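Trainee: No letters, just coordinates:
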């Protein structure tokens, strides 16, 4: 997977990494999701903001392999805000998955204390 947070999320959403028209909108949604994760104890305690393609997952998650689901969480939160599915069933399923990811990430962070 691409190490750049912005580029990896863009790859999952569909636009090529070189296509920058939606970068500002995608960045706003990425930073919203990262803020939620920070409130749950994931990432740097002082917060983390992605402003361009230079910010990496390692910058946010460190060397923790047990926090990989944070990448899926950020993607799903951005997808629901930027390009939500038309099916209410799929949207509901994504919301439930995000709630589970939040809980599991909190548990993972509690185990680190």
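Mentor: Okay, I see it. All figures in this text were calculated on a predicted structure; none of them were measured in a lab. Numbering: from 1, shown residues only.
Trainee: can you give me the helices for this protein?
Mentor: 5-13, 23-39, 57-61, 69-82, 88-112 (DSSP state H).
Trainee: how about the ones you listed in TSV, adding mean pLDDT and distance to residue 47?
Mentor: Every C-beta, even on glycine, is put in place using the N, C-alpha and C of the backbone. Formatted as TSV, those follow (pLDDT from 0 to 100; distance: least, Cβ to Cβ, whole Å):
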stretch	mean pLDDT	distance to residue 47
helix 5-13	95	14
helix 23-39	97	5
helix 57-61	95	10
helix 69-82	96	15
helix 88-112	92	15
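Trainee: can you tell me which residues contact the residue lying closest to residue 80 once chain neighbours are set aside?
Mentor: Leaving aside its sequence neighbours, residue 80 sits nearest to residue 94 (Cβ to Cβ, 6 or more residues apart in numbering; 5.7 Å). Each residue near residue 94 by Cβ atoms under 8 Å, 6 or more residues apart in numbering is listed here: 76, 79-80, 85.
Trainee: Compare the helices of the chain and give me the one nearest residue 51.
Mentor: Each of the helices of the chain has some distance to residue 51 by Cβ to Cβ; the shortest is helix 23-39, at 6.9 Å.
Trainee: Off-centre distance for the closest one?
Mentor: 7 Å (Cα atoms, centre = their mean, to the nearest Å).
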